[in-house]
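S.K.: Here is my input, please return the structure:
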Amino acid sequence: MNTSFQEAQALTSELMGMAGDEVRGDVKIIIFPPFPYLYSLKAQLGTNARIEVGAQNCSEHAAGAYTGEVSAGMLKSMGIQNVIIGHSERRQYFSETGPLLAQKIDGALANGLKPIYCCGEPLEEREAATHEELVKTQIEEGLFHLNAEAMKKIVIAYEPVWAIGTGKTATTDQAQEMHLVIRKHLASKFGNETAALVPILYGGSVKADNARELFACADVDGGLVGGASLKSRDFIEIIKSA
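M.R.: Residues are numbered from 1 along each chain as shown. Have a look, this model is predicted:
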């Protein structure tokens, strides 16, 4: 929940100007503005093939008396292609549970959206050495009801909650370790081929000065960037690291 509309327009304009010349062609860029800005920023991007637009959330309901909610079908009708589901802040502040998130995943897929499904542990789970089991459970609750073909349409973002907005960042070893845990867990359900095709993003205080090292990890396929994405130059430096 950041930026005024005018600030979001300026940020998008700066990103468009930088992305064309400075970023390798096979790197995908997606921005996730607040709901009220989605359509305008998509129009601002126009035919820009480098940058896609996504929503930060969607409802588990298709339609109806759910004032203030936004459905996957509404996003589809605006040409939105991506949606974040189960972000750590949605889990923490809005009590979103695994079964609820599974419904959101189904709604997003039914409408042709690409879900970015978030998982990750708070500090107490990390300190108690129960973080791997927690993340595996989150994956199971949200995704294990899918078949392999549907799973290939999912992106996963691993968020060590203890490293978000705290200035702390998981070491490259910690990041790679958890990404590999996730990929092996996917393979146990969907097979190695499918697990290898699922992009797994790192989402814990990715910054310009640590992105290259993180992205060099074998199982880290990109980043879910928070605060650093609000500064166009920092964000582009991260993107260039991919």
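S.K.: Three-state assignment for Thr3, please.
M.R.: Classification of Thr3 by DSSP: H, G, I helix; E, B strand; the rest coil places it in coil.
S.K.: Helices along this structure, start to end?
M.R.: 5-22, 38-45, 72-77, 88-94, 98-110, 123-127, 131-143, 148-151, 172-190, 192-197, 211-215, 232-241 (DSSP state H).
S.K.: Would you mind extracting the C-alpha trace of the shortest one into CSV?
M.R.: The C-alpha coordinates for helix 148-151 follow below in CSV (Å, rounded to 0.1, in the frame of the first residue of the first chain):
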residue,chain,number,x,y,z
ALA,A,148,0.9,-31.5,-12.9
GLU,A,149,-0.3,-29.4,-15.8
ALA,A,150,-1.9,-26.8,-13.6
MET,A,151,1.2,-26.7,-11.4
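S.K.: Just the pLDDT at the most centrally placed residue in the chain, thanks.
M.R.: Nearest to the mean C-alpha position of the chain, by C-alpha atoms, centre = their mean, lies Ile116 at 4.3 Å. At Ile116, the pLDDT value in this model is 98.
S.K.: in the sheet, who's paired with it?
M.R.: Ile84, Val155 (DSSP bridges).
S.K.: Tell me where this structure is predicted with low confidence.
M.R.: Where the chain drops to pLDDT under 70, the residues are 165-167, 169.
S.K.: For Asp234, see how far away the residue of it most remote from its centre is.
M.R.: In the chain, counting by C-alpha atoms, centre = their mean, Ala65 sits farthest out from the average C-alpha position, at 28.0 Å. Going from Ala65 to Asp234 by C-beta to C-beta, to the nearest Å gives 42 Å. Quick note: C-beta positions are derived from backbone N, CA and C, even for glycine.
S.K.: rewinding a little: could you dump the helices of the chain into TSV with mean neighbour count and distance to Glu52 added?
M.R.: Listed next are these as TSV, based on neighbours: other C-beta atoms under 10 Å; distance: least, C-beta to C-beta, whole Å:
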stretch	mean neighbour count	distance to Glu52
helix 5-22	15	11
helix 38-45	17	8
helix 72-77	19	12
helix 88-94	15	21
helix 98-110	19	15
helix 123-127	15	32
helix 131-143	19	22
helix 148-151	15	20
helix 172-190	18	23
helix 192-197	14	19
helix 211-215	19	19
helix 232-241	20	13
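S.K.: Those: which one's closest to Glu60?
M.R.: Of all these, it is helix 98-110 that lies closest to Glu60, at 3.9 Å by C-beta to C-beta.
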